[in-house]
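Q: I would like the atomic coordinates for the input below:
(3 chains)
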Amino acid sequence: MAAVEQIGRAGKAPAEFWTVNRLRIAGIVAILGVWEIAGWSGLFFRGVLPSTVFIVGSMAELLMSAEFYWHLAVTGFEVLVSFIIGCFFGTLVGLVLGTRKFTGDVFEPFIHYLAPTPKIVFLPILLVLFGVGVWSKVALGAISAFFPMALGVAAGVRQVSAVLLRVGKTFNLTTMQTVRMIYLPAMVPPIATGLRIGLGISIVGCLLSEYKLAKAGLGFLAGQYYESFAVAHMLAVLVIIFIFASIGNVLIEKYVRLPGPGDVKAHR
Amino acid sequence: MTNATETASTTATPALRIDSVAKTFSTPHGDVVALEPISLDIQQGEFIAIIGPSGCGKSTLMNAVGGLLEDYEGRVEVDGTVVRGCHKEIGMVFQEESTFPWRTALDNVAFPLEAAGVGKAERHEKAMELLNLVGLDGFENRFPAELSGGMRQRIAIARTLAFKPRILLMDEPFAALDEQTRLLLGDKVLQIQQELNQTTMLITHNIAEAVQLADRVLIMTFRPGRIKRVIDIDLPRPRSSKMMGGERFGQYVAAIWDDLREEASKGLLELEQVRS
Amino acid sequence: MTMPQSASSPHNASGGPGSGRGITIPPVLARTLFLIVAIGFWELASQIGWINPFTAPPPSAIWGGLIQIIQAGELGAAFVRTFLEALAASAIGSIGGIAIGWWLHSGKKIGVAYTSWVAAAASAPLVLLYPLFLVIFGRNSSTIVAMGALGCMPAIILKAKDGLDGVRPVLLNVGKAFSLTPRQQFRMIQFPAALPVIFTGIRIGLLFAIINVVGVEFLIAFGGLGQLISDLGDRFDYPAMYAAIFFVVLVSVAFFYLTEKLELWLLSSK
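A: Have a look, this model is predicted:
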């Protein structure tokens, strides 16, 4: 059987030059190149695809302006608060759905089927309820983050090996102890995944609602730049948003984990 | 080393000639000689079984002859013409599950004909003939998932026979099946081979199977693989699994086991050395 | 205490006290009852004034709003518009996604180099890029379709690559044994073998496309259902707006459910 895998390794010579890292560099160069060429080519209306140089310049300008940090703070606040609220309630509901079979059977389908609907459409209601300020954005972010968190936690709870629970029973653990010593550690992977997804969704929810109607925030800022056709600045804001979103993701990956090999059960 | 080739006679061009086929693999741990030069002639209509311990290079040999491996020393000739790489005249049946799950039995068997551009009516007709041959008429519209392992292998065999290849190569085709299915399938393969006068090369690690089916049994050594001994199986044809209880059958099996045991223990020894 | 019972399975190891009353209520019935009670409560609360009837109109008013937008033809037209845009976006995303997925599968180093980028894109908030498309295409359907296509491509790329990678080597060897050309190898073996996984990708893609399409329609107030919701909100016609929102929820639930069933059926027959 091993012989089959070694078949057909002829013709390796040109492939040797391209290591994975070189391929990646080439990829970045190609993407930037296409961008630049498209911008200069005149295929698009002048100024629609500003050169990378201008975008970087705008980013520098932004990072040195106090106003930017105000907007960053507003959005940061919205994301953080909506993320916490959404994940908190999501975890709570997820725990209930995962541990109580009947409740789970009845109510989880609601969450399962509502999850893929675009939550942004609820914004008008939230605007009326909470006003144009940050709280409508927080509400939308929280609602958005709630769903993946609830589903992830519910699935995670169910995955906790029945064997481990029986072990806990033989030691006569109280409910609190069972939750703390068996459920929670076993659920770190699905909770971490839920947090990662939830963060991304909170960010999207908050920013999109800022685009639509807001008085402050990075999304609002991007909208302003769009209105005044300051495309380079608008793209600079988007790039910064992306960078922060990625940092958030990486932080969650790094810090939401158990010491040592954390998986009780392999999770997709 | 003695090339224990016993060509029946050199007047008739052998259906398959393996001429000093050898293969060395370069691995990070150095060169590994999988096959030392193997030479062998198989006449039209012969049934050869190649038996050897795991690691003796029999799959390498099969892949070289079948054409999945093209980088080897030596030559393979079919009816006097040199071939290297996959060829219409050499059919291969694999050990693993190889039917296409998304095609019915009929469409599975018709697959190579379809790829060659044969028209629908014609290829369905030919496929039905082959399904009859392997005893699966009535199941042509079933999907492999609905059929047993033995039936799936029969589909694979029928598919391989679609082009009426001169040589049929089978790499441990019954390894994944239970003993009873294996015996009955063995009978079926014999029946097909006799009906079509099909030249066949079977790779197996099952001694009883080799004796049941083959005219000659080639015993291979542990790596580096070469032919240790050739044993003529002088049991009357037509054969069937009913012979398995016979005395001569048992003698052949014992003789082969003697040789095989020696080679197999070398393999075990190496495994233990690697583990320790 | 009696064992918790439910119509879906006789007993389970985990799961707490639950409904230990010994009465078996099928979950479907429970859900329906719950909905009826919830709607009834909402109607009552809104009519009485416990909740603000302006911001949360009673279900009866919402129903009236629904009839209104159906009869005016607004809902039908908007639905068709959104559906076509989502279909176009998902088609473009699928074709591009399968092609790129095939490319990532075809070269081992290429796969190693770029797959992680695509995985990052799959979880990135791509929809935030819509202002860029707005600038490029203007305020029209192209922006919406482009955004939808971009939104669903990473997921489809990953599934296409996974599906192709997962084709069992023995099946490819059968093709080689019969001297199939590379095109035949792809068309007759690789693609059918990978299809269940690829279909999962297309299904995920379709859902992402719907979400992104409705979202962008709403944000730029142009297109189909998203625009309808935005306009009704601007007009302060809240009963009709709620009706439109619920309609969108209903549509996406229906899509999700149907494609889920389709996918299960496909997987079971292979």
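Q: Is the host helix or strand of A:S246 positioned near chain C?
A: For A:S246, the host element (DSSP states H and E) is helix A:231-255. Yes - Helix A:231-255 reaches chain C (Cβ under 8 Å from any Cβ of the partner chain) through A:V231, A:M234, A:L235, A:L238, A:I241, A:F242, A:A245, A:S246, A:N249. Any C-beta I mention is one placed from the backbone N, CA and C, and that applies to glycine too.
Q: Okay, helices next: where are they in chain C?
A: Under the criterion DSSP state H, chain C carries helices at the ranges C:27-48, C:59-71, C:74-106, C:108-123, C:130-137, C:141-165, C:169-177, C:182-184, C:191-220, C:225-234, C:238-268.
Q: Same list (the ones you listed) but as a markdown table, adding distance to chain B and mean pLDDT.
A: As requested, the helices of chain C are exported to a markdown table (distance: least, Cβ to the nearest Cβ, whole Å; pLDDT from 0 to 100):
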| stretch | distance to chain B | mean pLDDT |
| --- | --- | --- |
| helix C:27-48 | 31 | 88 |
| helix C:59-71 | 43 | 91 |
| helix C:74-106 | 17 | 94 |
| helix C:108-123 | 17 | 86 |
| helix C:130-137 | 38 | 88 |
| helix C:141-165 | 13 | 94 |
| helix C:169-177 | 4 | 94 |
| helix C:182-184 | 5 | 92 |
| helix C:191-220 | 5 | 90 |
| helix C:225-234 | 37 | 91 |
| helix C:238-268 | 9 | 86 |
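Q: Make a markdown table out of those and add distance to A:K169 and mean neighbour count.
A: Formatted as a markdown table, the helices of chain C follow (distance: least, Cβ to Cβ, whole Å; neighbours: other Cβ atoms under 10 Å in any protein chain shown):
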| stretch | distance to A:K169 | mean neighbour count |
| --- | --- | --- |
| helix C:27-48 | 27 | 14 |
| helix C:59-71 | 46 | 17 |
| helix C:74-106 | 47 | 20 |
| helix C:108-123 | 38 | 16 |
| helix C:130-137 | 52 | 20 |
| helix C:141-165 | 39 | 25 |
| helix C:169-177 | 46 | 20 |
| helix C:182-184 | 58 | 11 |
| helix C:191-220 | 38 | 24 |
| helix C:225-234 | 51 | 24 |
| helix C:238-268 | 35 | 18 |
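Q: Can you point out the buried residues in the longest helix anywhere in chain B?
A: Ranked by residue count and defined by DSSP H, the top helix of chain B is helix B:247-275. Going by neighbour count (16 or more other Cβ atoms under 10 Å in any protein chain shown), the buried part of helix B:247-275 is B:F249, B:Y252, B:V253, B:A255, B:I256, B:D259, B:L260, B:E263, B:A264, B:K266, B:G267.
Q: before we move on, back to that, Serialize the helices of chain C to JSON lines and add fields for distance to B:Q273.
A: Shown next, in JSON lines, are these (distance: least, Cβ to Cβ, whole Å):
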{"stretch": "helix C:27-48", "distance to B:Q273": "60"}
{"stretch": "helix C:59-71", "distance to B:Q273": "78"}
{"stretch": "helix C:74-106", "distance to B:Q273": "39"}
{"stretch": "helix C:108-123", "distance to B:Q273": "32"}
{"stretch": "helix C:130-137", "distance to B:Q273": "63"}
{"stretch": "helix C:141-165", "distance to B:Q273": "35"}
{"stretch": "helix C:169-177", "distance to B:Q273": "30"}
{"stretch": "helix C:182-184", "distance to B:Q273": "43"}
{"stretch": "helix C:191-220", "distance to B:Q273": "40"}
{"stretch": "helix C:225-234", "distance to B:Q273": "69"}
{"stretch": "helix C:238-268", "distance to B:Q273": "45"}
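Q: Can you say which of the ones you listed is nearest to B:D71?
A: Checking the helices of chain C against B:D71 by Cβ to Cβ gives helix C:169-177 as the closest, at 14.5 Å.
Q: lowest-confidence helix or strand of chain A?
A: helix A:2-5 (a mean of 45; mean pLDDT, DSSP states H and E).
Q: Can you give me every residue that contacts the residue of the stretch 51-200 of chain C found nearest chain A?
A: Checking the stretch 51-200 of chain C residue by residue against chain A with Cβ to the nearest Cβ singles out C:A113 as nearest, at 3.9 Å. Residues near C:A113 by Cβ atoms under 8 Å, 6 or more residues apart in numbering or on different chains: A:V20, A:N21, A:L23, A:R24, A:G27.
Q: what does B:I157 give?
A: B:V93, B:V134, B:M170, B:P173, B:V189, B:I192.
Q: and the two most separated of those residues?
A: The widest separation within the contacts of B:I157 (Cβ to Cβ) is 13.3 Å, between B:V134 and B:M170.
Q: how deep is the nearest residue to B:S240 once chain neighbours are set aside tucked in, by neighbour count?
A: Distances taken as Cβ to Cβ, 6 or more residues apart in numbering or on different chains put B:D187 closest to B:S240, at 5.6 Å, once the chain neighbours are dropped. Using other Cβ atoms under 10 Å in any protein chain shown, B:D187 has 17 neighbouring residues.
Q: same deal with the one 5 residues further on?
A: Neighbouring residues of B:I192 were enumerated by other Cβ under 10 Å; the total is 20.
Q: pLDDT wise, what is it at?
A: On pLDDT, B:I192 comes in at 88.
Q: got a list of what the residue lying closest to it once chain neighbours are set aside touches?
A: Once flanking residues are discounted, B:I192 sits nearest to B:L133: 6.0 Å by Cβ to Cβ, 6+ apart. Applying Cβ under 8 Å, 6+ apart to B:L133 gives the contacts B:A158, B:L161, B:I192, B:E195.
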